[in-house]
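Student: Build me a model from this:
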Amino acid sequence: MRRLNWTALVASAVLLAGLVFAPMAVLAEEPQRGGMLRVAIAGDPPSLDMHQEQTFKVTIPMSTVYNSLVSFDQHGFPKIIGDLAKSWETSEDGKTWTFQLHEGVKFHNGAELTSADVKASWGKIFNPPKGVTSPRRSLYQMIESVDAPEKYTAVFTLKYPAASFLSMIAHPANFIFSKADIDKAPDWHKKNANGTGPFKFKKWVRGSTLEVERNPNYFKEGLPYMDGIKYFMIKDLSARAKSVRSGRTDVEFRGFPPAEVEAIQKQLGDQVTIRYPKAMIQWGVAFNVDKKPFDDERVRKALGLALNRYDMSKTLKPLSGLETVGGLVHPDAEWGLQPEEMHDLPGFNPDYEANIKKAKELLTEAGYPNGFKTALTNRSVKLPYID
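Tutor: Have a look, this model is predicted:
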């Protein structure tokens, strides 16, 4: 990113989680007001409804339009702070969570946000009506119900105490919609937007641009700083990098492979700032365990053993920036296993020959002594999936 103000970016609620390699902003002592941020993004959102979608192409632009109940602190990850909720408390048994909302928060159409909107939004997320997709529904199996006993009070009742609950509801896709809009039609938010966020949805030209403009009535005093954000839909990775080098765009939040980063830095020098944040996420392969041969646990374990994660990390680093061998949680995260703790887990033993030997034994036991062929379906996103 060319030298823009970091405070302004954070105030604009632009999501940075998932960044791998990307030019980013630098810290300035005093935030500068006004101006437009131009963002390069790898294509169109399939729709505007983040409740029903699961791609950064929706999260990045639409996160500026909406708020969540709570969120991860962008200045102190993984600390969780209130967003629409000003405070919360949990019962002694951990099964009841009570959230108090900020009063006087307005949707962009002027209607006041209340706990009824929280209840309706979360009903769509954890218990969607027939015909409505909720791709992250499995994250919220602990939720029994969401109620709105008072105008500014929302109560989550859990089936069982869950240490992950607060982190899960802080997921950046959990936008709070207006109940009135949800009641209009289950898919109303696929083509329309009415949030409480720092920016108001302005225009979407499919295949070209998506624009948001400053919300003058944002409930967080003094924010946002910028007048608006314009997202340029550029599918080709090289073309996105060129847009930054040429000054057509200011930033690419998803990231570039190292070779593109080096080219940008070589051309722009001190006009650009590069950041290498550690992404607290993981990439993996998912199997349909209802289909052969993946219905056999021995086959799945064999495939896990057969992956040489340590050589993979060396090969993938210059291509995609994926360099860390870890479990489901990044080793640097609060609950992540350290490398030495993972060595006893299948596939994490640095002795790859021993892993392969065990994998072949398991496949033979499962009835596949000569292996088998299968098709791998991948996302059509160059970084990091195709590379």
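
Student: And the closest residue to Met342 other than its chain neighbours, its phi and psi?
Tutor: In space, not counting the residues next to it along the chain, Met342 is nearest to Phe348; the distance is 4.1 Å by Cβ to Cβ, 6 or more residues apart in numbering. All C-beta atoms are positioned from the backbone trio N, CA, C, and that covers glycine. Backbone torsions for Phe348, taken as degrees, to the nearest 10, come to phi -110, psi 0.

Student: Tell me how many other residues surround Phe348.
Tutor: Residues near Phe348, counting by other Cβ atoms under 10 Å, number 20.

Student: wait, doesn't it sit right on Leu307?
Tutor: No - here Phe348 does not reach Leu307: they are 9.6 Å apart, not a contact under Cβ atoms under 8 Å.

Student: can you pull out the strands in this protein?
Tutor: Using DSSP state E, the strands of the chain run over 22-23, 36-41, 70-72, 80-82, 85-90, 96-101, 143-150, 153-158, 199-205, 209-214, 228-233, 274-275.

Student: right, and Leu305 touches Ile356 too?
Tutor: Yes - with contacts counted by Cβ under 8 Å, Leu305 reaches Ile356, the gap being 7.1 Å.

Student: what touches both of Phe348 and Leu307?
Tutor: Shared contacts of Phe348 and Leu307 (Cβ atoms under 8 Å, 6 or more residues apart in numbering): none.

Student: coming back round to it: out of the strands of the chain, which one sits most buried?
Tutor: Counting by mean count of other Cβ atoms under 10 Å, strand 22-23 has the highest mean neighbour count of the strands of the chain, with a mean of 26.

Student: sorry, back to before: looking at Leu305 and Ile356, which has the bigger crowd around it?
Tutor: The residue with more neighbours, out of Leu305 and Ile356, is Leu305; 23 against 14, by other Cβ under 10 Å.

Student: what's near enough to touch that one?
Tutor: Contacts for Leu305 were tallied using Cβ under 8 Å, 6+ apart; they are Pro346, Gly347, Asn355, Ile356, Lys358, Ala359, Leu362.

Student: Now restrict those to buried residues only.
Tutor: Using 16 or more other Cβ atoms under 10 Å as the burial test, the contacts of Leu305 include Pro346, Gly347, Asn355, Lys358, Ala359, Leu362 as buried.

Student: Among those, which ones are in helices?
Tutor: Cross-referencing the buried ones among the contacts of Leu305 against helices under DSSP state H gives Asn355, Lys358, Ala359, Leu362.
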